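1. quick one, structure for this:
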Amino acid sequence: MDLGIRDKVAMVAASSRGLGRAVAEALAAEGARLALCARNETVLAATADAIRARFGVEVLDRALDVTDAAAVGAFVSETVERFGTVHIGVANAGGPPSKSFAETTTQDWCSAFELNFMSTLHLIRELAPHMQRQRWGRIVSITSITVKQPTDGLILSNAIRAGVAGLMKSLSNEYAGDNILFNNVCPGFTATDRLNEVAASLAKSQGVAPEEIVGRWTRAIPAGRLGRPEELAAVVAFLCSEKAGYVTGSSVAVDGGAVKGIF
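-> Residues are numbered from 1 along each chain as shown. Below you'll find the model as predicted:
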């Protein structure tokens, strides 16, 4: 299926590895030109080089912190100067640490809010005017199944990512008339370095091996396995496409059936 985004300009945050890199590769496979950012300059540069070599698309890469509003604004400006505009934005950032409520501090909450909520807001605020002028835009936030079903030990993610989903739903209503679509993709337990970090943290707090934590998750998934990053990326690519022109304000779980609710 041709998704109709060849030569579109796509900005993907936190795209040096994991889900962000998988999304960048999925968009590159469709012929999109890319603007990639992440904190680690060395890893990001290697990812950008690999994508250029494999897919033959233009890639602009810059190391920055997505919680820094000025840095995000400068990156969007540089992208527009380089490519002329931006059509697609994928908001993504690492998750906050796994903790119980009693273990959290005020600083933990502020940091999680900056990392997952404000980083999304910074990106949208910079991209929306460009998308309004061309009357075409796709913004996807990579959140978590915690939006639909809270996960024990991840109270920071449970609370903050739900706020992101509320933001995206509100914006989908405000900008629908400009043909700018806002959707969330909610990954379940997916085989990434981030998942390994969460498993290790929970294992330490519970006095068990990380493999036991992963085994519990896997047994709770009807599909009987962890997800693959490319499976999540394929859904994001579709939501960024011409084909998804009537999908907005949705939160799509990519979780192997892990969420038990209907919606």
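
2. worst-scoring helix or strand of this protein, pLDDT-wise?
-> Least confident helix or strand of the chain, by mean pLDDT, DSSP states H and E, is helix 193-206 with a mean of 84.

3. show residues contacting that helix.
-> Outside helix 193-206, the residues within contact range by C-beta atoms under 8 Å, 6 or more residues apart in numbering are 17-19, 94-95, 97-98, 153-154, 189, 209-210, 212-214, 217, 226. Bear in mind the C-beta positions are built from the backbone N, C-alpha and C, glycine included.

4. cool, and stretch 97-117?
-> 66-67, 93-96, 153-157, 159-161, 163-164, 167, 198, 201-202, 205.

5. tell me which of these fall in helices.
-> With DSSP state H as the criterion, helices contain 155-157, 159-161, 163-164, 167, 198, 201-202, 205 from among the contacts of stretch 97-117.

6. in contact with the residue of the chain most remote from its centre, which residues?
-> Farthest-out residue of the chain from its mean C-alpha position, per C-alpha atoms, centre = their mean: G207, at 30.9 Å. Applying C-beta under 8 Å, 6+ apart to G207 gives no contacts.

7. thinking again about what came up before, filter the contacts of helix 193-206 down to just the ones in strands.
-> Counting by DSSP state E, the contacts of helix 193-206 place none of their members in strands.

8. from those residues, list the buried ones, please.
-> Among the contacts of helix 193-206, the ones that count as buried by 16 or more other C-beta atoms under 10 Å are 17-19, 94-95, 97-98, 153-154, 189, 210, 213-214, 217, 226.

9. ok so F182 is a helix residue?
-> No. In this structure, F182 is strand, not part of a helix, as judged by DSSP: H, G, I helix; E, B strand; the rest coil.

10. count of residues packed around the residue lying closest to it once chain neighbours are set aside?
-> Ranked by C-beta to C-beta, 6 or more residues apart in numbering and with sequence neighbours excluded, the top spatial neighbour of F182 is S172, at 4.1 Å. By other C-beta atoms under 10 Å, the residues close to S172 number 19.

11. so what's S172 scoring on pLDDT?
-> Looking at S172, its pLDDT is 98.

12. I'd assumed G249 was in contact with it.
-> Yes. Using C-beta atoms under 8 Å, S172 is in contact with G249, at 3.4 Å.

13. identify the contacts common to those two.
-> Joint contacts of S172 and G249 (C-beta under 8 Å, 6+ apart) are 182-183.

14. show me what the helix or strand hosting L121 is packed against.
-> L121 belongs to helix 119-134 when elements are defined using DSSP states H and E. Applying 3 or more C-beta pairs under 8 Å, 6 or more residues apart in numbering; DSSP states H and E, one finds that helix 119-134 contacts helix 69-83, strand 88-91, strand 137-142, helix 155-175, strand 180-187.

15. all set, thanks.
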